[in-house]
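S.K.: Below: sequence and its predicted model.
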Amino acid sequence: MQVCLASTSPARLMLLRQAGIEPLTRAPETDEDAVTAQAAADRGGDLPPDELVLLLARAKAADVALRLAEQEPDFDGIVIGGDSMFALDGQVYGKPYTAEAAAARWRGMRGATGILHSGHSVFRVQPGHERREATAVAEASVTFADDITDEEIAAYVASGEPLHVAGAFTVDSLGGAFITRVDGDPSTVVGMSLSTIRRLARELGVSWTDLWS
């Protein structure tokens, strides 16, 4: 049983490898800004974070599943897509991209608790069969230490780690020392919920252990 990760995220790839799965990786050709803008226009306002992460996860997984079926017709397995966003005090945060934005985020997160929303889409791709999909959103609350100093924030931001991750933090690397509590599946905070992926695969008739390399 083959596995394709519709992402180039090192964290998601690491999670699957640690779980005994060596996936193919394909970068989705999805314009996330366009998808988000169209959804907001259709709705007449911004989508809540749980709906938005699921929408983007589905778009990315569907794009890769379609191209995989066309380019590799013998592929028999699942395609996994995901997307994550962090919500704090009613504000939704993606990747900060700049040092200034990351530092401001961390000053606001100090001593606070937010929710990491992670959307999951799994497609069953099989020669001669219609593609089938199962989806879910997982959530985990994250509490940050209240004694993080400005100097620590500056050093963490200077490392570059928080610039390109949802919420501007990691739990499994340099940022982990500044997090005091995680409620929920810890892998959700890393990039995707392994327990959720297992459940979705099972809904599609795929046993998790069949995915082990």
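M.R.: Cool, got the structure. Numbering: from 1, shown residues only.
S.K.: Please look at Ala201 and Ser195 and confirm they touch.
M.R.: No: using Cβ atoms under 8 Å, Ala201 makes no contact with Ser195, being 10.9 Å away. Every residue, glycine included, has its C-beta placed from N, CA and C.
S.K.: Please identify which of the two sits among more neighbours.
M.R.: Neighbour count, other Cβ atoms under 10 Å: between Ala201 and Ser195, Ala201 has more, with 22 against 13.
S.K.: give me the element the more buried one is part of.
M.R.: Per DSSP states H and E: Ala201 is located in helix 194-203.
S.K.: Could I get the CA-only coordinates of that helix as CSV?
M.R.: The C-alpha coordinates for helix 194-203 follow below in CSV (Å, rounded to 0.1, in the frame of the first residue of the first chain):
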residue,chain,number,x,y,z
LEU,A,194,-1.5,10.7,13.2
SER,A,195,-4.4,9.3,15.1
THR,A,196,-6.7,11.3,12.8
ILE,A,197,-4.9,10.1,9.6
ARG,A,198,-5.2,6.5,10.9
ARG,A,199,-9.0,6.9,11.4
LEU,A,200,-9.5,8.4,8.0
ALA,A,201,-7.5,5.7,6.3
ARG,A,202,-9.6,3.1,8.1
GLU,A,203,-12.8,4.8,6.8
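S.K.: And the contacts of the longest helix belonging to the chain?
M.R.: Criterion DSSP state H: the longest helix present in the chain is helix 49-71. Helix 49-71 has contacts (Cβ atoms under 8 Å, 6 or more residues apart in numbering) with 4, 6-7, 26, 28-30, 32, 35-36, 39, 46-47, 75, 79-85, 87, 92, 115, 117-123, 125, 131, 133, 135-137, 139.
S.K.: Show only the entries of the residues you listed found in helices.
M.R.: Mapping the contacts of helix 49-71 onto helices (DSSP H) picks out Glu32, Val35, Thr36, Ala39.
S.K.: any idea which residue of this protein is furthest from its center?
M.R.: Distance from the C-alpha centroid of the chain peaks at Gly128, with 29.9 Å (Cα atoms, centre = their mean).
S.K.: That one belongs to a helix, doesn't it?
M.R.: No: with DSSP: H, G, I helix; E, B strand; the rest coil as the criterion, Gly128 is located in coil rather than a helix.
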